[in-house]
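J.: what shape does this take:
(chains A and B)
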Protein chains: 2
Amino acid sequence: MNKLKGAAILGQSGGPTSVINASAAGVFLEALKQPNITRVYGAAHGIRGILNEEFYDINQEDVKELQLLKTTPSSMIGSVRYKLKPLEVDDSEYKRLLEVFKKYNIRYFFYNGGNDSMDTCNKVSKFFKDSGYECYCMGVPKTIDNDLWATDHCPGYASAAKYVATSFMELYYDATVYDTPMVAVVEVMGRNAGWLTAASALASYKNAGPDLIYLPEVPFDMEKFIKDAKAVYEKNHGKVLIAVSEGVKTKDGTYVAELGAKNLAKDSFGHSQLGGTANVLANVLKEALGVKVRPIEFSLLQRCAQHLASKIDVEEAFNAGKEAVKAAVSGVTDYMIGFKRHINNGKYECEYVRIPLAEVANAEKKVPAEWIINNGTGLSQEYIDYALPLIQGDEKAPLEDGLPRFAKLKKVLVEKL
Amino acid sequence: MNKLKGAAILGQSGGPTSVINASAAGVFLEALKQPNITRVYGAAHGIRGILNEEFYDINQEDVKELQLLKTTPSSMIGSVRYKLKPLEVDDSEYKRLLEVFKKYNIRYFFYNGGNDSMDTCNKVSKFFKDSGYECYCMGVPKTIDNDLWATDHCPGYASAAKYVATSFMELYYDATVYDTPMVAVVEVMGRNAGWLTAASALASYKNAGPDLIYLPEVPFDMEKFIKDAKAVYEKNHGKVLIAVSEGVKTKDGTYVAELGAKNLAKDSFGHSQLGGTANVLANVLKEALGVKVRPIEFSLLQRCAQHLASKIDVEEAFNAGKEAVKAAVSGVTDYMIGFKRHINNGKYECEYVRIPLAEVANAEKKVPAEWIINNGTGLSQEYIDYALPLIQGDEKAPLEDGLPRFAKLKKVLVEKL
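T.: Purely as a prediction, here's the structure:
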């Protein structure tokens, strides 16, 4: 057991999920119990909050409200999209972080996010180590994209997948209500990995899902797309339900969304801001089929639909936070908590494992090519078997006036030293 | 007690809801119990199914599956958008209906829909009466628009309202996660009445809703809209969440959606097909504020989000169906089942009343002007008090594999005579 006493801080980074607060609850509630952790902080808006010495004093929060964080969507302490400059280019921010950590005697650093965040956590940890500052740095995974390397799956994915699958089932019933043609193109989040779009196949598995599913793992061919849709249109008497990832690209690397609007903004990680894929494809099909085609975007709704959170996901996200704290106080550093799947007597079990940050940073896990079937328009039973255990059970916020009662934090900023 | 023996038929018309199947369950399960009802039919796609002699034999369905209809969204027997021609213009369809009713000895007619459907039910009933054919015709209300005259509220509204309010709360948390500007315009269904858009005020009541709400009841002024949004943008440090009804119109009667795309398709009732209001307004604000503005449409999701159905709504929709059958077999005709609200010791209670079809047909109930406050951008406490009792409790489909288990009907078509 590590004997270093000091404060702990949690930062969150990247797009929010339904369960990122559940991981925060896991970190906070476990950290508050640890005798070696003298103070618990929540960075306001991730790494930027640390740079600006803006963090919340979690010791002042009610435990009951911290527990409600488990079923509160998005990030209560605030997230950020911010990439530190490479150390060799500019070390000023790393020095500033070290200064802040020293000033508040922060010895436990938890960073909750996706691959970019694991990269940040890894770089900071290395800089501290090279500077001779003892600090235990642990990553807590998070992403609806499910694209983190070396972990079976990521917290946030299952709840978003459950939202996508459930909403597709409801859309399917809605779309088939009239005896007239109904063609809809539904756009699902996922820039490079099609995991979330693949979740629409769970609805098809229940005979109430899309006829065609397009993932970014497969180069998008517009001619083939039109042919696929026409074939379904004829077979299904005018009913066509299509799921498409926002990130589908043609063979030459052009985003389908770009075919509509050429000038894409870039976010601060240099990623293209997508959106509009459904619009572009709906227009193409309208022309090709000669009928009204409805573009539908799940938009932000899919990220934070806590009311459809998977119980498994909430529990695993919470436990990932707890396990990170336990590891850090026992002297582990530079690891991310990952999930390993076991099936015992047909029952799904999740083992919490430790994966070196360096292994996770900036690597991407895509949907395996062999799971993509029907000439690039469907998912195999392997995917269904993979995803079904993850979306089991409900754990939504308690109701108050028929509406979710989310956590209310005091968010008292720590006085700057 | 009426002693007429014969078959009963249910037809559904207009856009689906989360609970229109609950009303079907109420009609079917009650009709199956009634000794005077010899056979129970479900018209495939409303009035058109009757004209085509296409109806399902409900007597062949499993009662367990009929009970599951209570928590199955959209319309399992199929709906239709079809308006009979005025009798004085062309009576051929009325004669055809009479022929079909006689052939199958249908003596109980239940029509489930909105104002147009109540009009249809009323006209058919009058024609039968004038033709000397004894048939008991009852309307069962349905509309997420909540715009039916003379009833306190309509089945389908509360569940859609609960979806809108809950989704706005989740969006609010998502939209405030970064410390950067975030402006979103969210479009909600409602062509002429703003009831469903008003439901976003329930989220604001929980301090997690839109800053500005625009209903079709108030003429839309683009200059004022920009001014309103700018003021919030400055006050809230770049955070602006806006709810807007798809049906907002400028003073001269032009739909805001039309400002973007001039040519609107018309549906078969002659209503303009809307959509794109959020897109138009997002573009306007992007220009005015100089930041990215996100248009979000709840689209079809808001109509059939059974997973967020209100328990009150499911029960009332079910009971409306039952009450219609009870009334018909006791000799009542030409009425719609309506809801009357009672508050006893602070507790909401719903009384099922009978409203003459002629009173409901084609009349529209709008959001009262005095409930629209803040210079046309907010809802008063009267609205909150009106809506809150309706969205209480959850009643969603049982889960199977973590996904909703909806009803499975055999849908055996009755052999044509």
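J.: which other helices and strands does whatever helix or strand A:Phe127 lives in contact?
T.: According to DSSP states H and E, A:Phe127 maps onto helix A:115-130. When contacts are defined as 3 or more Cβ pairs under 8 Å, 6 or more residues apart in numbering or on different chains; DSSP states H and E, helix A:115-130 packs onto helix A:46-51, helix A:92-103, strand A:106-113, strand A:136-141, helix A:357-360. Every residue, glycine included, has its C-beta placed from N, CA and C.
J.: what about stretch A:375-382, average pLDDT?
T.: Stretch A:375-382 comes out with an average pLDDT of 98.
J.: my bad, stretch A:216-228
T.: Mean pLDDT, computed over stretch A:216-228, is 98.
J.: so A:Lys410 touches A:Asn59, yeah?
T.: No. Using Cβ atoms under 8 Å, A:Lys410 is not in contact with A:Asn59, being 10.8 Å away.
J.: out of the two, which sits in the busier spot?
T.: A:Asn59 (16 against 11; other Cβ atoms under 10 Å in any protein chain shown).
J.: pairing partners for the spatially closest residue to that one that is not a sequence neighbour in the sheet, please.
T.: In space, and not counting its chain neighbours, A:Asn59 is closest to A:Val40: 5.7 Å by Cβ to Cβ, 6 or more residues apart in numbering or on different chains. Beta-bridge partners for A:Val40, by DSSP bridges, are A:Ala8.
J.: who touches the closest residue to A:Ser125 other than its chain neighbours in this structure?
T.: The shortest distance from A:Ser125 to any non-neighbouring residue, by Cβ to Cβ, 6+ apart, is to A:Cys137 (3.8 Å). A:Cys137 is in contact with A:Phe109, A:Phe110, A:Tyr111, A:Cys121, A:Asn122, A:Val124, A:Ser125, A:Phe128, A:Ala328, A:Thr333, A:Asp334, A:Leu357, counting by Cβ atoms under 8 Å, 6 or more residues apart in numbering or on different chains.
J.: can you put those residues in a markdown table and add pLDDT and neighbour count?
T.: Formatted as a markdown table, the contacts of A:Cys137 follow (pLDDT from 0 to 100; neighbours: other Cβ atoms under 10 Å in any protein chain shown):
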| residue | pLDDT | neighbour count |
| --- | --- | --- |
| A:Phe109 | 98 | 25 |
| A:Phe110 | 98 | 29 |
| A:Tyr111 | 98 | 29 |
| A:Cys121 | 95 | 28 |
| A:Asn122 | 95 | 23 |
| A:Val124 | 96 | 25 |
| A:Ser125 | 96 | 22 |
| A:Phe128 | 97 | 22 |
| A:Ala328 | 97 | 28 |
| A:Thr333 | 97 | 18 |
| A:Asp334 | 97 | 17 |
| A:Leu357 | 96 | 25 |
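J.: nearest residue to the middle of chain A?
T.: Nearest residue to the geometric centre of chain A (Cα atoms, centre = their mean): A:Thr143, 1.8 Å.
J.: now do the SS call for A:Phe225.
T.: Three-state call for A:Phe225 (DSSP: H, G, I helix; E, B strand; the rest coil): helix.
J.: give me the distance between the nearest residue in space to A:Pro368 that is not next to it in sequence and chain B.
T.: In space, and not counting its chain neighbours, A:Pro368 is closest to A:Glu382: 7.7 Å by Cβ to Cβ, 6+ apart. From A:Glu382 over to chain B the distance is 16 Å, taken as Cβ to the nearest Cβ, to the nearest Å.
J.: thought A:Glu382 was touching A:Ala369?
T.: No. Using Cβ under 8 Å, A:Glu382 makes no contact with A:Ala369, being 11.4 Å away.
J.: touching chain B at all, stretch A:186-203?
T.: Yes. Using Cβ under 8 Å from any Cβ of the partner chain, stretch A:186-203 comes into contact with chain B via A:Leu202, A:Ala203.
J.: buried ones in that stretch, by neighbour count?
T.: A:186-191, A:193-203 (16 or more other Cβ atoms under 10 Å in any protein chain shown).
J.: one step back: give me the more crowded residue out of A:Glu382 and A:Ala369.
T.: Taking neighbours as other Cβ under 10 Å, A:Glu382 and A:Ala369 compare with A:Glu382 leading, 12 against 9.
J.: quick one: contacts for that one?
T.: With the criterion set at Cβ under 8 Å, 6+ apart, A:Glu382 makes contact with A:Pro368, A:Glu370, A:Trp371.
J.: run through chain A and note the low-pLDDT ranges.
T.: Chain A contains residues with pLDDT under 70 at A:1-2, A:260-275.
J.: tell me where it has helices.
T.: Here chain A has its helices, by DSSP state H, at A:20-33, A:46-51, A:63-68, A:92-103, A:115-130, A:157-175, A:195-198, A:200-205, A:222-235, A:256-260, A:277-289, A:311-329, A:357-360, A:381-387.
J.: what packs against the third one?
T.: With contacts taken as 3+ Cβ pairs under 8 Å, 6+ apart, helix A:63-68 sits against helix A:20-33.
J.: centre of the chain to the helix it packs on, how far?
T.: On the basis of Cα atoms, centre = their mean, to the nearest Å, helix A:20-33 is displaced by 18 Å from the centre of the chain it belongs to.
J.: tell me the phi and psi of the residue in the stretch 1-150 of chain A that chain B sits nearest to?
T.: Nearest residue of the stretch 1-150 of chain A to chain B (Cβ to the nearest Cβ) works out as A:Ser74 at 3.7 Å. A:Ser74 adopts backbone torsions of phi 60, psi -170, taken as degrees, to the nearest 10.
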